[in-house]
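1. Fold the stuff below for me.
(2 chains)
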Amino acid sequence: MKIKYLLPLALTAISLTCATATTVIPPTFEQLVRQAELIFQGSVTDVRSVWEGEGAQRHIETYVTFQVGDAIKGSSVGTYTIQMLGGTVGDDTLVITDAPKFQVGDHDILFVEHNGQQFVPLVGIMYGRFRVQHDEQTGRDIVLNNEGEPVRDVTKFGREEESVSAAEAISPDQFKSAVKNQLQAQADHPAQ
Amino acid sequence: MTPSHFRFDSRAYRSVTGLLVLLFFVGGLFSTRAYVLEGPKWPNGSVTMQLSLGGGQALSDGNTNWNSAVVPALTMWNQVMGAAQLGGVMNSSAAVAQGDGVNSMAFASTFFGSSFGSNTLAITGYSYSGSTMREADILFNNAWTWDSYRGPLRSAMDIQRVALHELGHVLGLGHSTLSTAIMYAYVGNTDALTPDDIAGAQALYGAPSGTPTPTPSATATPTPTATPTSTPSVTPSPTPTATPSALAVSLSAAPTSVRSGGTAVFTVTASTAASSSITVNYSMSGNAILGSAYSLDGTPGQITIPAGASSGAVTLTVLTAGKRSKTASMTLQSGAGYSVSTPTRASVSIRR
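-> Below is the predicted model:
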């Protein structure tokens, strides 16, 4: 009986300490899907950083090119390049905190918005990038967040600091299926 | 507004610091370090920030100026660092620009022309050459509602604790894996430095000496300067140095879920093969206890990438698994001869 009363208290305590990112508010899964102009799974084929601008506006930009394997929202076929502020040219580096870092060969699922206009053109910046990694033990591909932590429950995005779910990490197909279901739900109820 | 220089030292913060130092020693008995060093740092001496946040409204903590509201954030870091100190120019009229060698804190509607994105509160951008910081700018997104207060978070963001976090980035700290740290990736009710934050700052700049410091109040009226030209000079054109590029190392774990008696492997992968042996530092966190729930092979806190190889590994062996799943998380720490690259953290779920 005590647990019955303690559980709501514990949940209340959790909700009161629910945190938001210092620099970026984590989006919910619904927001990720709704705000994204493009959602696709792809592999990084090129990462190129260059100096751009003149005088006081001179800065480093990085162009990350993906081979699109599966377009889930929007029209992105073949290759797609995102433009991000920051990067390394020679011995000079411009770091934008919280910006994800990409390497050739990375397999990712991206939620893209405002490419070419936003300093990192992903919904929720680092929260709009998911990594796909092969789990040698299970032989499955699984989805990780930008920090390298397995994604277990998309419904918890933006709702708590860290997932405490004991569920298995979800596969890319499961993740994409959840995205498609959310897209369908948003199409059925556009006002929500 | 007249720009003015001041030092952020306060006797008022000594008691706070003393408490934090005490907690550091007590906490050190029970936890491993969790701060993350990004790699570059400032040369010893003063790091001057141009405070161009403006003011003119009453804030909840009594400040009437955004610049004075963030001053305690600089002070708190200064109280715990030795070799470097944050200085400032109050109500600066210096241009807020990128790549000019001037460190700025300001409100803005864009990050130097690039959209913040709807979820972004503030951005710190810093540039460095080799391993030496050259410039850092903190821009707060003026699309959000801001205030300044202590205690639990409210709907309006507390600029002081966000500034405290962003200044940690300016100093060279990444996100801590400890949820109580101000350098944790999420803002919460923490509004001051924690022992982990202090340890991170002192790993970069050492502890302050025992010499008493000057004691203007934390939000003291700044001392006017003769002219605004005493602000940091424009950074000279980048000069290539002979410093070789460090290997970038990232972390993975496989499998990510392991049962009693099982093993998992944390693998550090370098961007290219190491020309000589490299020792990569790491720390452990999570609710699974090292030595009780699991063990790790090799030298504690270190993974070696042998010469000619591009990866090194540490094996986790489950010792005991409870009814509930627990997590062992490894986080790469900075060190000599390499730089850390995402993912810097990998987790293994331990279950019965």
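2. Which residues does residue A:88 form beta bridges with?
-> residue A:93 (DSSP bridges).
3. can you map out the strands along chain A?
-> A:20-21, A:38-52, A:59-73, A:79-85, A:87-89, A:92-96, A:107-112, A:129-135, A:140-145 (DSSP state E).
4. mind showing which ranges of the stretch 151-300 of chain B have poor pLDDT?
-> B:210-246, B:300 (pLDDT under 70).
5. Quick check: residue B:114 touching residue A:117?
-> Yes. Counting by Cβ atoms under 8 Å, residue B:114 touches residue A:117, with 6.8 Å between them. Bear in mind the C-beta positions are built from the backbone N, C-alpha and C, glycine included.
6. who's more crowded, those two?
-> For residue B:114 versus residue A:117, neighbours defined as other Cβ atoms under 10 Å in any protein chain shown are more numerous around residue B:114 (22 against 13).
7. and that one, what is it in contact with?
-> A:85, A:117, A:118, A:119 (Cβ atoms under 8 Å, 6 or more residues apart in numbering or on different chains).
8. again with residue A:59
-> Residue A:59 neighbours (Cβ under 8 Å, 6+ apart): A:51, A:52, A:53, A:85, A:94, B:98, B:99, B:112.
9. List only buried entries from the residues you listed.
-> A:51, A:85, A:94, B:98, B:99, B:112 (16 or more other Cβ atoms under 10 Å in any protein chain shown).
10. related to what we said a few turns ago, can you add mean pLDDT and give the strands of chain A back as CSV?
-> Converted to CSV, those look like this (pLDDT from 0 to 100):
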stretch, mean pLDDT
strand A:20-21, 48
strand A:38-52, 97
strand A:59-73, 95
strand A:79-85, 96
strand A:87-89, 94
strand A:92-96, 93
strand A:107-112, 98
strand A:129-135, 94
strand A:140-145, 94
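11. Dump these into a markdown table; add distance to residue B:125 as well.
-> Output for the strands of chain A, formatted as a markdown table (distance: least, Cβ to Cβ, whole Å):
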| stretch | distance to residue B:125 |
| --- | --- |
| strand A:20-21 | 17 |
| strand A:38-52 | 14 |
| strand A:59-73 | 9 |
| strand A:79-85 | 7 |
| strand A:87-89 | 11 |
| strand A:92-96 | 5 |
| strand A:107-112 | 21 |
| strand A:129-135 | 19 |
| strand A:140-145 | 23 |
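12. Which of those sits closest to residue B:123?
-> strand A:92-96 (6.4 Å; Cβ to Cβ).
13. what's the distance between that closest one and the middle of its chain?
-> Relative to the centre of its chain, strand A:92-96 is centred 21 Å away, using Cα atoms, centre = their mean, to the nearest Å.
14. quick one: furthest residue from the center of chain B?
-> Centroid-distance maximum for chain B: residue B:261 at 36.8 Å, with Cα atoms, centre = their mean.
15. my read: that residue touches residue B:316, true?
-> No. Using Cβ under 8 Å, residue B:261 is not in contact with residue B:316; the gap is 12.0 Å.
16. Distance check, residue A:61 against chain B.
-> For residue A:61, the distance to chain B (Cβ to the nearest Cβ, to the nearest Å) stands at 9 Å.
17. Okay, and the beta partners of the closest residue to that residue other than its chain neighbours?
-> Excluding the flanking residues, the one nearest residue A:61 by Cβ to Cβ, 6 or more residues apart in numbering or on different chains is residue A:52, at 4.9 Å. For residue A:52, the beta-bridge partners under DSSP bridges are residue A:59.
18. could you list every residue that touches residue A:52?
-> A:58, A:59, A:60, A:61.
19. which of these has the most neighbours?
-> Result: residue A:60 is most packed of the contacts of residue A:52 (other Cβ under 10 Å), 24 neighbours.
20. In this structure it contacts residue A:88, no?
-> Yes. Residue A:60 lies in contact with residue A:88 (Cβ under 8 Å); the separation is 7.2 Å.
21. which residues are common contacts for the two?
-> Joint contacts of residue A:60 and residue A:88 (Cβ under 8 Å, 6+ apart) are A:49, A:94.
22. what about stretch A:144-153, start to end distance?
-> For stretch A:144-153, the first and last residues are 11 Å from each other (Cα to Cα, to the nearest Å).
23. List of residues touching that stretch?
-> With Cβ under 8 Å, 6+ apart as the criterion, stretch A:144-153 contacts A:100, A:126-127, A:129-133, A:142-143, A:162-163, A:165-170, A:175, B:185, B:251-253, B:256-257, B:329, B:342-347, B:349.
24. Any idea how many residues pack against the residue nearest to residue B:118 when sequence neighbours are not counted?
-> Excluding the flanking residues, the one nearest residue B:118 by Cβ to Cβ, 6+ apart is residue A:35, at 7.3 Å. Applying other Cβ under 10 Å, we find 19 other residues in the vicinity of residue A:35.
25. Residue A:35 touches residue A:111, doesn't it?
-> Yes. In this structure, residue A:35 is within contact of residue A:111 by Cβ under 8 Å, at 7.4 Å.
26. what residues do those two have in common as contacts?
-> Shared contacts of residue A:35 and residue A:111, counting by Cβ under 8 Å, 6+ apart, come down to residue A:123.
27. about what we covered before: let's see which of the contacts of stretch A:144-153 end up in helices.
-> Applying DSSP state H to these, the entries found in helices are residue A:175.
28. Going through the contacts of stretch A:144-153, which ones are buried?
-> Judged by 16+ other Cβ under 10 Å, buried ones among the contacts of stretch A:144-153: A:100, A:126-127, A:129-133, A:142-143, A:162-163, A:165, A:168-170, A:175, B:185, B:251-253, B:256-257, B:329, B:342-347, B:349.
29. what's residue B:54 in contact with, if anything?
-> Here residue B:54 is in contact with B:65, B:66, B:67, B:107 (Cβ under 8 Å, 6+ apart).
30. From these, pick the one nearest chain A.
-> Relative to chain A, the closest of the contacts of residue B:54 is residue B:107; by Cβ to the nearest Cβ it sits at 14.3 Å.
31. Would you agree that closest one is in contact with residue B:53?
-> Yes. The criterion here is Cβ under 8 Å, and residue B:107 meets it with residue B:53 at 5.9 Å.
32. what's near enough to touch the spatially closest residue to residue A:127 that is not a sequence neighbour?
-> Excluding its sequence neighbours, the residue lying closest to residue A:127 (Cβ to Cβ, 6+ apart) is residue A:26, at 5.2 Å. Shown in contact with residue A:26 (Cβ under 8 Å, 6+ apart): A:20, A:124, A:127, A:157, A:158, B:119, B:186.
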